[in-house]
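Student: model the structure of this input:
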Amino acid sequence: MTRLRGVEVPPGWHVVGGSLLVWSYGAPAPSARIAAFDFDDTLAKTSLSGFDPNAWRNFRPQVPAVLRRLHTDGHLIVILTNESMDRFKQPEAIRKAILKKTGRLMGFAKAADVPLIALCATAKDKYRKPAAGAWTHLVTEANGGVAPDLPRCIYVGDAAGRPQDHSDTDRGFARAVGVPFQTETEFWAQNL
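Tutor: Numbering: from 1, shown residues only. Modelled structure (predicted):
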């Protein structure tokens, strides 16, 4: 499927289950070790306003180097991000929201230059974190039949239920899929 809510998605992207946007950069190799990350405020600083697909920058300067090291060490790099588009009703607004998020993810991947898989939940359904649907798709359809070794995987995100956080969806997602969790603060402090 190449349409999301009736709107064409960019080349290379496809839609799973009517709402999950899926894209691969490079040639990500299946692995039992998965290093998965939230996108906004974990891998990239992004603008909440407007629809500019280029309104992002690396969360920390070392982001590309750390992702390349994880890849070299045999991890499959995965971005799992929520981007609610339910509020948009008109095709043009949906198109702008799709191009904003996919453009940021593609720009980030090309700048980091590391093979990865991006999964973007666009509706409040089984694919939206903290639900495990995106992870289920990853391990059953996008990891070449390789089962993840859960204790050797990691999920890093900024929604951990801390007083300043907008929610605890990232921590809840890691718990739901059974992988170790780190906040973006913990992870980047350990990977300077």
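Student: got the contact list for residue 129?
Tutor: By CB atoms under 8 Å, 6 or more residues apart in numbering, the residues touching residue 129 are 38, 80, 82, 121, 157, 159, 169, 170, 172, 173. (Each C-beta comes from the backbone N, C-alpha and C, glycine too.)
Student: residue ranges of the strands in the chain, please?
Tutor: Listed in chain order, the strands of the chain (DSSP state E) span 3-4, 7-8, 14-16, 20-25, 34-37, 44-46, 56-58, 76-82, 116-121, 154-157, 181-183.
Student: low-confidence stretches in the chain?
Tutor: 1 (pLDDT under 70).
Student: how about the helices in it?
Tutor: 63-72, 91-112, 133-141, 169-177, 184-190 (DSSP state H).
Student: buried stuff in the last one?
Tutor: Of the residues in helix 184-190, those scored as buried under the neighbour-count criterion (16 or more other CB atoms under 10 Å) are 184, 187, 188.
Student: distance of residue 105 from residue 89?
Tutor: Distance of residue 105 to residue 89, given as CB to CB, to the nearest Å: 24 Å.
Student: what about the two, which has more around it?
Tutor: Each of residue 105 and residue 89 has its neighbours counted (other CB atoms under 10 Å); residue 105 has more, 26 against 8.
Student: neighbours around the residue lying closest to that one once chain neighbours are set aside, how many?
Tutor: Excluding the flanking residues, the one nearest residue 105 by CB to CB, 6 or more residues apart in numbering is residue 118, at 4.7 Å. For residue 118, the neighbour count with other CB under 10 Å is 23.
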